[in-house]
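# Next come a sequence and a model predicted from it.
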Amino acid sequence: MRAIICREHGDLSVLKLEDVPDPVAGPGQALVRIRACGINFADSIMAAGKYQNQPELPFIPGSEIAGDVVALGEGAAGCSVGDRVMGLPGRGGYAELVAVNVNRLTRLPEHLAYEQAASFAVTYGTSHVALAHRARLKPGETLLVHGAAGGVGLTAVELGRIMGARIIATAGGPDKLEIARAAGAHETIDYLAEDIRERVKALTGGRGADVVYDPVGGDVFDASLRCVAFEGRILVIGFAGGRVQQIPANHVMVKNVDIIGVNRPAYDSFAPDVSRASQEELLGWLAAGKIRPLVSRTFPLEQAVEGLKSVVTRKSTGKVVISP
């Protein structure tokens, strides 16, 4: 099969398209022919060798896939050859085939396209666990979403709307802000032209945001800490801005602020009931038409690195996927 392989750590140039042996479904696994694979910022962190749960070299990036089951390993139960599925293999998605534990696969709803399925689990799962489980977002609270037109940010806007929050969305430029408004944002801030702290204060009558959803980090986090409400919660989702912020404990103490880390994949290992409950609620909302994954662009496998570059440079909106 063809696959994008990482054989050394570095920038995105270390990712190469190669012909490699087909994987084999082991005990409790299904072999899936990949029809679509979601691109995530974390894929670039793995290539750099800086991910929290770093795979050993060599490896194939790609943590969320959708496709067709073509073979089953010994003892694999819960799916059949021919099933349309989506899943979270952890890695291996930038390829034509992947072996996945069957307990990490879900049958696709009939109406869901492969591309949408491959853009669902990581982004919506991250935002749902963050907002519902970690921040315990309440109806009527003000939710500030950074990177609101990006992969995870846009899902936070959608889910915040469903959960009854008042949403302030930040993004770079009017086109991205329009995407956030279409997803349900009540107010928007163009961080290229406006001061985040001052605008949030103005929009909330000086009170600040109850919950901040931050996949950007760096300077954006610093601004958030200065416009979060008393007893507010700041969700640390990622560091797409390039700088991992150092948190001043005195600022946290003054306003009794909670700084909450969110690592969604950790729930699969340490609290699988949380992952399952989250996915069940999300699939229900998906079936009811309450959420609609936005796939902004699809790249063929040989252009996967270009797709990842568009995510890393924050030029993309919604979700970017690979279609082998």
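Cool, got the structure.
# Show me the longest helix that occurs in the protein.
Criterion DSSP state H: the longest helix present in the chain is helix 272-287.
# Show me the strands paired with the helix or strand following it, marking each as parallel or antiparallel.
Remark: after helix 272-287, the chain's next helix or strand is strand 295-299, criterion DSSP states H and E. Paired with strand 295-299 in the same sheet, following DSSP bridges, are strand 319-322 (parallel).
# Tell me which helix or strand in the protein has the weakest average pLDDT.
The weakest-scoring helix or strand in the chain, judged by mean pLDDT, DSSP states H and E, is helix 265-270 (a mean of 88).
# What residues of that helix count as buried?
Residues of helix 265-270 classed as buried by neighbour count (16 or more other Cβ atoms under 10 Å): 265, 267-268. Heads up, the C-betas are built off the backbone N, CA and C, glycines and all.
# go on, stretch 60-67?
Per 16+ other Cβ under 10 Å, stretch 60-67 contains these buried residues: 60-67.
# Just the CA atoms of it, as CSV, please.
Extracted C-alpha coordinates of stretch 60-67, given in CSV (Å, rounded to 0.1, in the frame of the first residue of the first chain):
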residue,chain,number,x,y,z
ILE,A,60,2.4,6.7,9.9
PRO,A,61,0.5,9.7,11.2
GLY,A,62,-3.2,10.1,11.1
SER,A,63,-5.4,9.5,14.2
GLU,A,64,-9.0,9.5,12.8
ILE,A,65,-10.3,7.6,9.8
ALA,A,66,-13.4,6.4,7.9
GLY,A,67,-13.6,3.5,5.5
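# please begin residue numbering at 2 from this point
Sure thing, new numbering starts at 2, so read that last one as stretch 61-68.
# pLDDT averaged over it - what is it?
Taken as a whole, stretch 61-68 carries a mean pLDDT of 96.
# for stretch 173-189, same thing?
Here the average pLDDT along stretch 173-189 is 95.
# now what about that stretch, what contacts it?
Contact partners of stretch 173-189, identified using Cβ atoms under 8 Å, 6 or more residues apart in numbering, comprise 146, 149-150, 154-155, 158-159, 161-162, 167-172, 190-193, 204, 295, 315, 318-319.
# What pLDDT does the model give the residue nearest the centre of the chain?
Among the residues of the chain, Thr124 comes closest to the average C-alpha position under Cα atoms, centre = their mean, at 2.9 Å. Listed pLDDT for Thr124 reads 91.
# tell me the angle the helix or strand hosting Ser128 makes with helix 273-288.
Ser128 belongs to helix 122-129 when assigned by DSSP H and E. Helix 122-129 and helix 273-288 are oriented at 100 degrees to each other (axes from the mean of the first three to the mean of the last three Cα atoms, to 10 degrees).
# what packs against helix 122-129?
With contacts taken as 3 or more Cβ pairs under 8 Å, 6 or more residues apart in numbering; DSSP states H and E, helix 122-129 sits against strand 30-39, helix 152-163, helix 273-288.
# Compare the mean pLDDT across those and name the weakest.
helix 273-288 has the lowest average pLDDT among the helices and strands packed on helix 122-129, namely a mean of 91.
# Could you double-check that Ala305 sits in contact with Ile5?
Yes: look at Ala305 against Ile5 with Cβ atoms under 8 Å: they come within range, at 5.1 Å.
# which neighbours do the two share?
Common neighbours of Ala305 and Ile5, counting by Cβ under 8 Å, 6+ apart, are 16, 18, 95.
# Just the contacts of stretch 173-189: which are in strands?
Judged by DSSP state E, strands contain the following of the contacts of stretch 173-189: 146, 167-172, 190-191.
# May I ask which of those has the most neighbours?
Val146 (36 neighbours; other Cβ atoms under 10 Å).
# Which pLDDT does the model give that residue?
Per-residue confidence (pLDDT) for Val146: 98.
# contacting residues for the residue nearest to the centre of the chain?
Thr124 touches 39, 41, 152-153, 155-156, 294, 320, counting by Cβ under 8 Å, 6+ apart.
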